[in-house]
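1. Mind folding the following:
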Amino acid sequence: AKLLAWHADGHTMHCAGEHYGYARQSSGSVHRRAVLFVSPDTWLVVDRISGSGARHVRLHWQAGPFAYTREDERVALETPAGRFGVAVYDAAAQPLSIEVVEGATEPLRGWLARTYGRKVAAPSMSGDVEADGPVTLISLLGEGTLYAENGTRYRLETPRGAVALSIVDGLISLRHSEVVA
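-> Next up, the predicted model:
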């Protein structure tokens, strides 16, 4: 694994890294993840799987034991701190359908075990993609909306303001921030 980027300012932080655990496979894949935190409670997570050939990619998020509702292609968790949204997009900022499983036994999924011998049902969210070549998936965690401007340029609107950013090869670079404290 390798750290690729780290940056922090008054209202945003972002970092990126990659790991080579899939490089031995025939596709020669490398998983790169970049995370942008927009204060106080919005995260944008970019996952890029490089390599060649057809592939099935599943992005999986495990939630805590919270009630949830579906809002179009978004899942809203009702947490003690308030509502928390989860949405997954492709590289063109088109939403993916999210499957939610809670307390399933076949296959075993949708469980949270914080201590040995005790498990509780909890929403497990996943989005699946079948694609050739590199695959980029973008997750928006918290409140906000992601818009594709063109090509690699995006605008993330949050309750506290907006961030203009670019995503190239799975790496995030900020172009402009209008986030207020």
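
2. quick one: low-confidence ranges for this protein?
-> Within the chain, the stretches with pLDDT under 70 are 180-181.

3. how much space between the residue sitting furthest away from the middle of it and T42?
-> Relative to the C-alpha centroid of the chain, counting by CA atoms, centre = their mean, G117 is the outermost residue, at 29.4 Å. Separation of G117 from T42 (CB to CB, to the nearest Å) stands at 35 Å. Where you see a C-beta, it was placed from the backbone N, CA and C, and this is true even at glycine.

4. same check, this time on P159
-> Distance from P159 to T42, by CB to CB: 8 Å.

5. Pick out the residue nearest the middle of the protein.
-> Compute the mean C-alpha point of the chain, and by CA atoms, centre = their mean the closest residue is S139, 2.6 Å away.

6. tell me the contacts of the closest residue to it other than its chain neighbours?
-> Distances taken as CB to CB, 6 or more residues apart in numbering place V45 nearest to S139, at 4.3 Å, with adjacent residues excluded. V45 is in contact with 33-36, 138-139, 141, counting by CB atoms under 8 Å, 6 or more residues apart in numbering.
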